[in-house]
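Visitor: Any chance you can model this:
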Amino acid sequence: MSRRSRALAFLAAAFACAILAALVAGRYRSSVEARYGALEPVVVSSIELPAGQVLSPQQVKHGLEVRRVPAAFSPPGALLRPGDALGRAPGATIPAGAYVLDAQLVVPQPEPVQPPGAGRGHRPVQVPVSGAEALLVGGAAPEGGRVDVIVSQRAGLGSQGRTYIAAEGIRLLALNRPAGPGEQWQATLALSREQALDLIGAQSAGREIRLLPRP
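Guide: Residues are numbered from 1 along each chain as shown. Just a heads-up that it's a prediction; the model follows:
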């Protein structure tokens with residue numbers, strides 16, 4: 001047999017082996033899929049992801065990878081794309097090689113803004129107020145600004161209505177929206193002892209308290 005004939009024979013044998021290997025692999029894959037389900041993409045961590053650390057684009061790119069596993073081995077809630085973890089933080093440390101689940105990741109909450117201090121000789125007092133929407137006109141946060149406190153008494157049997165300024169230039173420490181239907185706004189004001197007693201008395205008497213922004 002000539003050198004060329006032997007080369008063609010080896011080439012034909014290699015081609016036949018490749019076809020046979022493909023057939024065997026295809027049958028094995030079909031057998032695996034029939035038993036364990038089709039292959040599905042899942043995200044796996046290639047590095048340890050510390051708890052509470054927000055995942056940066058660099059960590060997502062180099063620390064997460066997609067693998068395809070049979071559906072029977074794919075955990076419920078596993079991420080399908082590494083980008084779904086961007087900007088989120090693990091609630092507990094995720095070791096290298098572990099599946100990354102949606103339930104493991106949380107969106108970090110911003111630190112609550114601390115209200116300004118009440119100041120010397122004043123104390124923070126929370127009172128229900130009406131019409132606080134006027135303080136939000138313009139979109140600026142009203143906390144830290146100065147307000148005038150207006151108290152109104154409705155006219156009733158044997159009494160006349162009355163409106164007066166209970167306090168001027170009071171610092172507004174915090175303003176909370178109504179908790180539900182029928183509820184009032186809650187304002188935390190920096191008040192002196194006398195001012196606090198006056199407003200607590202007005203509140204107990206069922207009088208309406210309003211805040212007016214100062215220019």
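Visitor: Would you map the strands across this protein?
Guide: 39-45, 64-70, 89-90, 105-106, 123-129, 146-153, 162-176, 185-191, 208-213 (DSSP state E).
Visitor: and those strands, which is most packed in?
Guide: Comparing these by mean neighbour count (mean count of other C-beta atoms under 10 Å), strand 185-191 comes out on top with a mean of 22. Backbone N, C-alpha and C define where each C-beta goes, glycine included.
Visitor: where's the closest residue to Gln53 other than its chain neighbours relative to Leu197, distance?
Guide: Sequence neighbours aside, Ala89 is the residue nearest to Gln53 in space, at 5.8 Å (criterion: C-beta to C-beta, 6 or more residues apart in numbering). Computed as C-beta to C-beta, to the nearest Å, the Ala89 to Leu197 distance reads 47 Å.
Visitor: Repeat that for Leu39.
Guide: In this view, Leu39 and Leu197 are 73 Å apart by C-beta to C-beta.
Visitor: what does Ile47 give?
Guide: Between Ile47 and Leu197 the computed distance is 61 Å (C-beta to C-beta).
Visitor: Could you do Val127 as well?
Guide: 12 Å.
Visitor: Also Ala98?
Guide: 60 Å.
Visitor: Between these two, which is the more surrounded one?
Guide: Ala98 (15 against 12; other C-beta atoms under 10 Å).
Visitor: how about the more buried one, phi and psi?
Guide: Ala98 adopts backbone torsions of phi -90, psi 150, taken as degrees, to the nearest 10.
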